[in-house]
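> Got a predicted model here, sequence first, then my questions.
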Amino acid sequence: MNTKVFLLLAMAALAAADFGYGRPDSRSFESYESGESTEAKYAFQWSVEDDSTGNDFDHQEARDGDDTHGVYTVRLPDGRLQTVTYIVDGDDGYVADVKYDGVARYPDSYSRESFESREYRPPRPAYYYGSNESK
């Protein structure tokens, strides 16, 4: 009987316990109430140039409130350098200017003429004689 009473009291204590769920934190509540926020302001820059893999790209951006501007460059697989200069001006949205420097160069095996001159040939069937161990 004592065990049942003890378990009943323990369950009642857990049900009545206030774990803080659902109750707003006073610090966060004040910031939501005011409706004020600080304007975003930042600037960053990074770059990667790795001769062993051919990776060559960089990015820089700055933001002050709703106005953002930046530029990034990418070395494309065809050898050209792609430069994207962009601005984001509040409600006007993202406006980009894309430029390419250099001339696209492709290996001979990727030229248009070599693709047009190829014909599809199905693979030759392979037959195995004897046991599977001799494959």
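Great, that's in hand.
> can you give me the helices in this structure?
Across the chain, reading from the start of the chain, the helices by DSSP state H fall at 2-16, 26-34, 112-117.
> contacting residues around the residue lying closest to Ser47 once chain neighbours are set aside?
The spatial neighbour of Ser47 that comes closest, neighbours along the chain excluded (C-beta to C-beta, 6 or more residues apart in numbering), is Asp58 at 3.3 Å. The way it works is simple: take the backbone N, C-alpha and C, and place the C-beta from them, glycine included. Counting by C-beta atoms under 8 Å, 6 or more residues apart in numbering, Asp58 touches 45-48, 72-73.
> Of these, which is the nearest to Leu9?
Trp46 (60.8 Å; C-beta to C-beta).
> Tell me the confidence at the closest one?
According to the per-residue confidence, Trp46 scores 92 in pLDDT.
> what sits opposite it in the beta ladder?
Trp46 forms beta bridges with His59, as assigned by DSSP bridges.
> in this protein, what spans have low per-residue confidence?
Judged against pLDDT under 70, the low-scoring parts of the chain cover residues 1, 5-8, 14-37, 108-119, 130-135.
> for stretch 39-58, which positions count as buried?
Buried residues in stretch 39-58, counting neighbours by 16 or more other C-beta atoms under 10 Å, are found at Phe57.
> cool, and stretch 84-104?
By 16+ other C-beta under 10 Å, the buried positions in stretch 84-104 come out as Val88.
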